[in-house]
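Asks: Structural data only, the sequence is not supplied:
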């Protein structure tokens with residue numbers, strides 16, 4: 001269970017990175033836009049995650065149990081869910097933030113959000 005949770009967190013963080021890269025464009029544009037750091041970091045993260053989940057000495061070090069093949073689908077699906085939800089609410093977020101970077105007024109008080 002611990003390994004499953006860890007892998008889900010890693011996939012969710014990758015989804016957050018991709019959503020942040022696509023703040024003003026589509027997710028496909030963000031993925032295809034060249035970025036050397038991302039091209040280096042993502043394979044390293046994937047490799048370290050694979051070692052931590054599948055190599056017995058690393059699993060013992062982190063206290064991860066062996067994952068059943070059925071459970072291997074959960075972490076990527078969790079990351080995909082985070083990506084889809086954040087992409088879906090991105091227009092709402094853009095609408096609620098003004099062009100000058102300040103939050104729009106609170107609809108209940110009329111005061112700027114956070115005040």
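Replies: Perfect, thanks for sending it. The model shown is predicted, which means the values in this text are computed figures rather than measured ones.
Asks: Kindly confirm whether my reading is correct that residue 82 touches residue 15.
Replies: Yes: using CB atoms under 8 Å, residue 82 is in contact with residue 15, at 4.2 Å. For every residue, glycine as well, the C-beta is placed using N, CA and C.
Asks: more neighbours, these two?
Replies: Using other CB atoms under 10 Å as the criterion, residue 82 and residue 15 rank with residue 15 on top: 22 against 19.
Asks: gap between whichever strand or helix holds the more buried one and the chain center?
Replies: Here residue 15, judged by DSSP states H and E, is contained in helix 2-21. Offset of helix 2-21 from its chain centre (CA atoms, centre = their mean, to the nearest Å): 4 Å.
Asks: who does that helix touch, helix- and strand-wise?
Replies: With contacts taken as 3 or more CB pairs under 8 Å, 6 or more residues apart in numbering; DSSP states H and E, helix 2-21 sits against helix 27-32, helix 36-54, helix 56-62, helix 74-96.
Asks: Quick one: list the elements packing against the first one.
Replies: Contact here means 3+ CB pairs under 8 Å, 6+ apart; on that basis helix 27-32 packs against helix 2-21.
Asks: same check, this time on the third one
Replies: Applying 3+ CB pairs under 8 Å, 6+ apart, one finds that helix 56-62 contacts helix 2-21, helix 36-54.
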